[in-house]
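Colleague: Give me coordinates for this.
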Amino acid sequence: QIKLILSQVRKERQVLMFSATWPEEVRILAQEICTDSDGMPPVFVRIGGDKLAACKDIEQHTVLVDGDEDKYDKLKERL
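Modeller: Numbers count the residues shown, from 1 in each chain. The predicted model follows:
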């Protein structure tokens, strides 16, 4: 899906890529889409260690909303 989206974007672009984990598939994709036109590899910044594991303390919840007004109301409830 990322490659399909990027095929519709001008080649003169800046790309920032974030990943909670950094498996080989993501590294390969980053190398493909973030390489400079002169062949320079992407800049890689790591926060934390080399271990491929998402933080166990993070909780993710999904909230279904109906339209912008409901979205705003749900956001206010959460804040």
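Colleague: what about Lys56, which helix or strand?
Modeller: Lys56 is located outside every helix and strand, with elements delineated by DSSP states H and E.
Colleague: Okay, it and Gly48: tell me how far apart.
Modeller: 13 Å (C-beta to C-beta, to the nearest Å). All C-beta atoms are positioned from the backbone trio N, CA, C, and that covers glycine.
Colleague: Is the one residue sitting closest to the centre of the chain in a helix, a strand, or coil?
Modeller: Of all residues in the chain, the one closest to the mean position by C-alpha atoms, centre = their mean is Phe18, 4.1 Å from it. Using DSSP: H, G, I helix; E, B strand; the rest coil, the three-state assignment for Phe18 comes out as coil.
Colleague: Ok, the one 4 residues further on next?
Modeller: Recorded secondary structure, Trp22: coil (three-state DSSP).
Colleague: do the same with the one 4 residues further on
Modeller: When states are read from three-state DSSP, the local structure at Val26 comes out as helix.
Colleague: leaving aside the residues next to it on the chain, what's closest to it?
Modeller: Leaving aside its chain neighbours, Val26 sits nearest to Ser19 (4.9 Å; criterion: C-beta to C-beta, 6 or more residues apart in numbering).
Colleague: Count the neighbours of that neighbour for me.
Modeller: Taking other C-beta atoms under 10 Å as the neighbour definition, Ser19 ends up with a count of 10.
Colleague: And it, what's its pLDDT?
Modeller: pLDDT for Ser19: 76.
Colleague: swap in Asp50?
Modeller: The predicted local confidence for Asp50 is 67.
Colleague: do Gln8 as well
Modeller: Residue-level confidence at Gln8 comes out at 84, pLDDT.
Colleague: same question, the one 5 residues further on
Modeller: In this prediction, Arg13 carries a pLDDT score of 73.
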